[in-house]
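# task: produce atomic coordinates for the following.
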Amino acid sequence: QVQLVESGGGLVQAGDSLTLSCAASGRTFSSYAMGWFRQAPGKEREFVASISWSTSSTTYTDSVKGRFTISRDNAKNTVYLQMNSLKPEDTAVYYCASSRFRTTVVLTRKEEVAYWGQGTQLTVSS
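The predicted structure follows:
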């Protein structure tokens, strides 16, 4: 049984930093690309960041480039999202995702996700 468990969300002020973690189990985690998506109230779930299985390739949506950093520790089966200079528009539920195929290098599309975490809420106050 594959499980992705996010943690680290909370209530912060604009300009603060926070790191989200996603612990994976039940799969050869290191063989798959991982990603972070987010969903704000009344909006579609959207791509935030992706990292390849080898950690050599990372991709970000434009709105978080230069502020967010995705990383992974395959030995710990954990993926991280370091978020700096947080803005109120970053407020959302953040979901960890694992790719459907081992050949996926960049996980940006929801259709390519095999497993989702339960989500962790981030609220950024102004």
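
# tell me who's in contact with the residue positioned nearest the centre of the chain.
By CA atoms, centre = their mean, the chain has its centre lying nearest to Trp36, at 2.0 Å. Residues in contact with Trp36, defined by CB atoms under 8 Å, 6 or more residues apart in numbering, are Leu20, Cys22, Val48, Ala49, Ser50, Ile70, Val79, Leu81, Tyr94, Tyr95, Cys96, Ala97. Quick note: C-beta positions are derived from backbone N, CA and C, even for glycine.

# let's see that with 6 Å instead.
Each residue near Trp36 by CB atoms under 6 Å, 6 or more residues apart in numbering is listed here: Val48, Ala49, Leu81, Tyr94.

# now for the nearest residue to Ala49 once chain neighbours are set aside: which residues touch it?
Leaving aside its sequence neighbours, Ala49 sits nearest to Ile70 (CB to CB, 6 or more residues apart in numbering; 4.0 Å). Shown in contact with Ile70 (CB under 6 Å, 6+ apart): Ala49, Ile51, Thr58, Leu81.

# equivalent analysis for Val5, please.
By CB under 6 Å, 6+ apart, the residues touching Val5 are Ala23.

# average model confidence for the host helix or strand of it?
Counting by DSSP states H and E, the element that carries Val5 is strand 3-7. Strand 3-7 comes out with an average pLDDT of 96.

# out of the contacts of Trp36, what pair is the most spread apart?
Ala49 and Tyr94 (10.0 Å; CB to CB).

# would you confirm that Ala33 contacts Thr104?
Yes - if you go by CB atoms under 6 Å, Ala33 and Thr104 touch, sitting 4.6 Å apart.
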